[in-house]
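*Asks:* Sequence below, structure please.
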Amino acid sequence: MTSIKTAMVLAAGLGTRMRPLTDDRPKALVEVGGKALIDHVLDRLGAAGVERAVVNVHWFAERLEVHLAARTGGPEIVISDERAELLETGGGLKKARGLLGDDPVFVANIDSVWIDRGDALGDLVRLWDPARMDAALLLARREGSIGFEGDGDFLLGDDGRLTFRGDRPSAPFAYMGVHITRPDYASQGPEGPFSLSGLWRQSASEGRLFGCVLDGDWMHVGDPGARDEAEARLTTA
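*Replies:* Model (predicted):
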């Protein structure tokens, strides 16, 4: 299995839904189970073989930088500075292009915590095939997830190809915040802020968006209530 050595960690958001917990800190530093959200993600990535993580910063950027500098162990941290303008997922990945190298990268949100009964990130690496794919997404089953209140995002084909829900009232799977892609995937996007979702829709229409499903429990830690639910779930794990 080819390992993936670099990750982009999307930590620049304002954390509006997490207020008042984000009144004095970035969402990345909100703690669940005694550990900051960003440390949950970085520790997962490090355990999966990631050696270098590019982290974008905006809201309370200095506080996040101090926290990251104090981390012990891997991965090595490189900062992508978005203080001047918050660029969303696609714009953030595009801005960081020069820091990511030329090999495939993990891209990870900081609001996902999960209990893994298998090897979710390893499964994603094993799925990844750049000849056939633009992106490979880690998915969670909608039922049983904590903190996710949407109707689901994707249908999953037997071959791993993803189809967007479209006009259907619901779909069984939600994107759980980690994917693998090429480091230049967002370079085709517009200047300024934009979401990766539009690029994914284009890739899906071309049959180049794939995914695999977490064997475990996903917690989307998007607001204080979800944080409390996730905390309770982790204490019983």
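
*Asks:* Regarding the closest residue to residue 112 other than its chain neighbours, what is its secondary structure?
*Replies:* Closest residue to residue 112 apart from its sequence neighbours, by C-beta to C-beta, 6 or more residues apart in numbering: residue 177 at 3.5 Å. C-beta here means a position set from N, CA and C on the backbone, and glycine is covered the same way. Secondary structure, DSSP: H, G, I helix; E, B strand; the rest coil: residue 177 is strand.

*Asks:* Report how many residues lie close to residue 177.
*Replies:* Neighbours of residue 177 under the rule other C-beta atoms under 10 Å: 21.

*Asks:* which residues does it contact?
*Replies:* 108-109, 111-112, 138, 220 (C-beta atoms under 8 Å, 6 or more residues apart in numbering).

*Asks:* Going along the chain, name the helices of this structure.
*Replies:* Here the chain has its helices, by DSSP state H, at 37-47, 61-70, 88-95, 120-127, 197-205, 224-236.

*Asks:* so where's the chain uncertain?
*Replies:* Counting by pLDDT under 70, the chain contains low-confidence ranges at 1, 237.

*Asks:* Between the two ends of stretch 158-176, how far is it?
*Replies:* In stretch 158-176, first residue to last residue: 19 Å (C-alpha to C-alpha, to the nearest Å).

*Asks:* Residue 228 is in contact with residue 219, correct?
*Replies:* No. Using C-beta atoms under 8 Å, residue 219 is not in contact with residue 228, being 10.7 Å away.

*Asks:* between those two, which one's more packed in?
*Replies:* Per other C-beta under 10 Å, whichever of residue 219 and residue 228 has more neighbours is residue 219, with 27 against 14.

*Asks:* ok, the nearest residue to residue 15 once chain neighbours are set aside to residue 63 distance?
*Replies:* Counting by C-beta to C-beta, 6+ apart, residue 15 lies nearest to residue 27, which is 3.1 Å off, once chain neighbours are set aside. As for residue 27, its distance to residue 63 is 12 Å (criterion: C-beta to C-beta, to the nearest Å).

*Asks:* Next: residue 127.
*Replies:* To residue 63, residue 127 is 36 Å away according to C-beta to C-beta.
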